[in-house]
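>>> predicted model and sequence follow; I will ask about them next.
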Amino acid sequence: MKQVILWLVRIIFAVLLAFPFYWMLITTFKRTTDLYNLKNNPFIFNERPTLEHLRLLFTETLFLRWVGNTAFAGLVVVIITLVLAVPAAYALARLTGGWGAQLGIGIFLTYLIPPTLLFIPLSKVVALLDLQDSLWSIIVVYPSFTIPFSTWLLMGFFKEIPRDLDDAAMVDGLTRWGAFVKLMIPMSTSGILTVVIFAFTLVTQEFVYALTFISTAAHQTVGVGVPTFLVRGDVFYWGSLMAACLITSLPIGFLYNIFLDRFIEGFTVGAVK
Amino acid sequence: MFMPAILYIVALVGVPFVLAFFYAVGDVKVGSVGYHFVGLHNFISVLKNPTFRLALRNSFIFTISSQVLVLIGANILALALKDAFPGRRFLRFLILLPWVAPVSIGSIGWKWILDSLYSVISWVMVRAHLVKEYEAPMWLGEPKLAMMSVILVHTWHMLPFATVILLAGLTAIPKDIPEAAAVDGAGYFRTLFQITIPMMLPIINVAVLFGTIFTFTDMTVIYILTRGGPYDTTQVIPTLAFFAGILGSDLAEGAAISIFMVPLLVIATYLVLRSAHRAEVT
């Protein structure tokens, strides 16, 4: 009896939560005449499936351009994040006397200052840097939220590596920097990989800054381009729109899903023992 | 070695944060030169604006309703996902999709599901004879329904996040405690309400605090579904700040509006710190 209820709960939630993605899938392959006929049962294919919406999406819209922009921005942001967050996390993890932890929490808290509070002054900063309407505006701004979270996560990884190890390495003649590069980085590859995935997915998820700083369709990312520029006037090309949604959500969702537990650990540190 | 990271954050979070206050007490517009201190003028004019008062009220309705729904849903779902069962990984992926997929993209999916003419929900309601054809509800076009829709879509987006946090808490409860209770004759619900939930309180706290921050300051779902409409009935503080400060080019007014999020952020941050500190001490 208990099992039946548990399965019922699982299935109801899974259906409710995943339904929009099923809807994207079925809309992607439906003929326009089928989509817009109110007499038809919308849950099934009343006419033969079509690839027309996909063709339109890939050949007549900027979709591929947005995917490229997002990938490029993601890559650069990941590099900036690693260069700044990895040494910072190591240094904070090794700081003696509560200072490291205090600073670490301080850095993490900046992650809680929302884009909707910072976007107005940042739009002025972006203008001062002469980056308005350029992909580089978000490349410069995004590390401001990927670095805090990544530093916080990596601190956890570095703390798990015993301090004696770096001491031993330094006794053997390595400098602090040498111990960091030759010993600590190789030992924390899984942490670094986590940060790579995270910084990248956070970039693909961001909406507010990209919407604020970039106005030309060709310079947009997928997250803003699809919902704002794939609509012409009041005309929604629902087939292609849903195709774009599906193609974007699944890989990003899949990547994020793999590392989600680490992400959650970042929030629950201290509350779970 | 941590200085470069801190400098980056100070430059792109600290400085803009201070600038937001600076703008809110000045008269900056896009393209304007010079700055004049105007004191609390912007705050007073914002407070006099009926749209702002509506947005402030909506922000609370939006945040509290969706957080209550998330909390109830996430608790039930976390309990259902706790123990191993066949297909758990796949089910988990399906359940996590609303959180892990970009929210702007998920919201567009909902915009199609809630379409005024081709909504699948309306179609089902018509077939079930709940409403007459051609009288189907305008999900995003009527004030009450629009508010309900954005709350539900946001709940949909946040539910997986809270569920995973609660799951982390559930799995951390030592197994022998509920088992001992069962030996002593406590039933499922007695164990649930007198042992599991009290032990989960710190982690529920964490889920609610972060959920509240992410909801109160979010504008994506509402921007995509309703743009704050119809007639500003789903306007919230972040969307209003965007429309005034970015689209309306009145940086000072936009900054003044967004500053109204700060008190809640400060309280939430204080509570986060306190719960983290308490967990460290015990």
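In hand now; what should we look at? A quick note: this is a predicted structure, and the numbers were derived from the prediction, not measured.

>>> can you show me the strands along the stretch 101-250 of chain A?
A:231-232, A:235-236 (DSSP state E, counting those that start in this stretch).

>>> I'd say residue A:25 and residue A:247 touch.
No: contact between residue A:25 and residue A:247 fails when scored by CB atoms under 8 Å: they sit 10.5 Å apart. C-beta: built from backbone N, CA, C; applies to glycine.

>>> of those two, which one has the most company?
Higher neighbour count among residue A:25 and residue A:247: residue A:247, with 20 against 15, using other CB atoms under 10 Å in any protein chain shown.

>>> now do the helices in the stretch 101-250 of chain A.
With helices called from DSSP state H, counting those that start in this stretch, the stretch 101-250 of chain A shows them at A:115-128, A:135-141, A:143-160, A:163-171, A:176-179, A:185-187, A:189-205, A:208-213, A:222-224, A:238-268.

>>> determine which stretch of these is the most buried.
Of all the helices of the stretch 101-250 of chain A, helix A:222-224 has the most neighbours on average by mean count of other CB atoms under 10 Å in any protein chain shown, namely a mean of 26.

>>> how far away from the center of its chain is it?
Computed by CA atoms, centre = their mean, to the nearest Å, the chain-centroid distance of helix A:222-224 equals 12 Å.

>>> stretch A:74-87 now?
Stretch A:74-87 has its average C-alpha position 14 Å from the chain's average C-alpha position, going by CA atoms, centre = their mean.

>>> what's in contact with that stretch?
A:139, A:142-143, A:146-147, A:150-151, A:154, A:180, A:185, A:192, A:195-196, A:199-200, A:203-204, B:1-2, B:4-5, B:8 (CB atoms under 8 Å, 6 or more residues apart in numbering or on different chains).

>>> same deal with stretch A:90-110?
Here stretch A:90-110 makes contact (CB under 8 Å, 6+ apart) with A:88, A:144, A:147-149, A:151-152, A:154-155, A:158-159, A:163, A:166, A:180, A:184, A:266, B:1-2, B:5-6, B:9, B:13-14, B:269, B:272-273, B:276.

>>> quick check: which ranges of the chain have low pLDDT?
Here I'm looking at chain A. Scanning chain A for pLDDT under 70 picks out the ranges A:97, A:232-235, A:269-273.

>>> chain B is the one I meant
By pLDDT under 70, the weakly predicted segments of chain B are B:30-33, B:276-282.

>>> show me what counts as buried in the longest helix anywhere in it.
Using DSSP state H to define each element, chain B has its longest helix at helix B:50-81. For helix B:50-81, the neighbour count (16 or more other CB atoms under 10 Å in any protein chain shown) marks B:51-52, B:54-56, B:58-59, B:62-63, B:65-67, B:69-71, B:73-75, B:77-81 as buried.

>>> chain center to it: distance?
Relative to its chain's centre, helix B:50-81 lies at 7 Å (CA atoms, centre = their mean).

>>> ditto for stretch A:78-89
Distance, centroid of stretch A:78-89 to centroid of chain: 16 Å (CA atoms, centre = their mean).

>>> can I get that stretch as CSV, trimmed to CA atoms?
Backbone C-alpha positions of stretch A:78-89 (Å, rounded to 0.1, in the frame of the first residue of the first chain) are rendered in CSV as follows:
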residue,chain,number,x,y,z
VAL,A,78,35.0,29.5,-17.6
ILE,A,79,38.6,30.5,-18.2
ILE,A,80,38.3,33.7,-16.3
THR,A,81,36.6,31.9,-13.5
LEU,A,82,39.2,29.2,-13.2
VAL,A,83,42.1,31.7,-13.3
LEU,A,84,40.7,33.7,-10.5
ALA,A,85,38.7,31.3,-8.4
VAL,A,86,41.1,28.3,-8.1
PRO,A,87,44.0,30.3,-6.5
ALA,A,88,41.6,32.2,-4.4
ALA,A,89,39.9,29.1,-3.1
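
>>> who does the helix or strand residue B:7 falls within touch, helix- and strand-wise?
Using DSSP states H and E, the element containing residue B:7 is helix B:3-9. In terms of contacts (3 or more CB pairs under 8 Å, 6 or more residues apart in numbering or on different chains; DSSP states H and E), helix B:3-9 is packed against helix A:63-94, helix A:99-110, helix A:143-160.

>>> out of the ones you listed, deepest packed?
helix A:143-160 (a mean of 24).

>>> elements contacting that one?
helix A:63-94, helix A:99-110, helix A:189-205, helix A:238-268, helix B:3-9.

>>> chain center to that helix: distance?
Computed by CA atoms, centre = their mean, the separation of helix A:143-160 from the middle of its chain amounts to 15 Å.

>>> only C-alpha atoms, please: export it in PDB.
Output of helix A:143-160 as PDB, limited to C-alpha atoms (Å, rounded to 0.1, in the frame of the first residue of the first chain):
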ATOM      1  CA  PRO A 143      32.400  36.100 -13.700                       C
ATOM      2  CA  SER A 144      31.000  38.400 -11.000                       C
ATOM      3  CA  PHE A 145      28.600  35.600 -10.100                       C
ATOM      4  CA  THR A 146      30.500  32.500 -11.300                       C
ATOM      5  CA  ILE A 147      33.600  33.400  -9.200                       C
ATOM      6  CA  PRO A 148      31.800  33.600  -5.800                       C
ATOM      7  CA  PHE A 149      30.100  30.300  -6.200                       C
ATOM      8  CA  SER A 150      33.100  28.500  -7.700                       C
ATOM      9  CA  THR A 151      35.500  29.800  -5.000                       C
ATOM     10  CA  TRP A 152      33.100  28.600  -2.300                       C
ATOM     11  CA  LEU A 153      32.800  25.100  -3.900                       C
ATOM     12  CA  LEU A 154      36.600  24.800  -4.500                       C
ATOM     13  CA  MET A 155      37.300  25.800  -0.900                       C
ATOM     14  CA  GLY A 156      35.500  22.700   0.100                       C
ATOM     15  CA  PHE A 157      37.700  20.600  -2.200                       C
ATOM     16  CA  PHE A 158      41.000  22.100  -1.000                       C
ATOM     17  CA  LYS A 159      40.100  21.700   2.600                       C
ATOM     18  CA  GLU A 160      39.800  18.000   2.100                       C
END
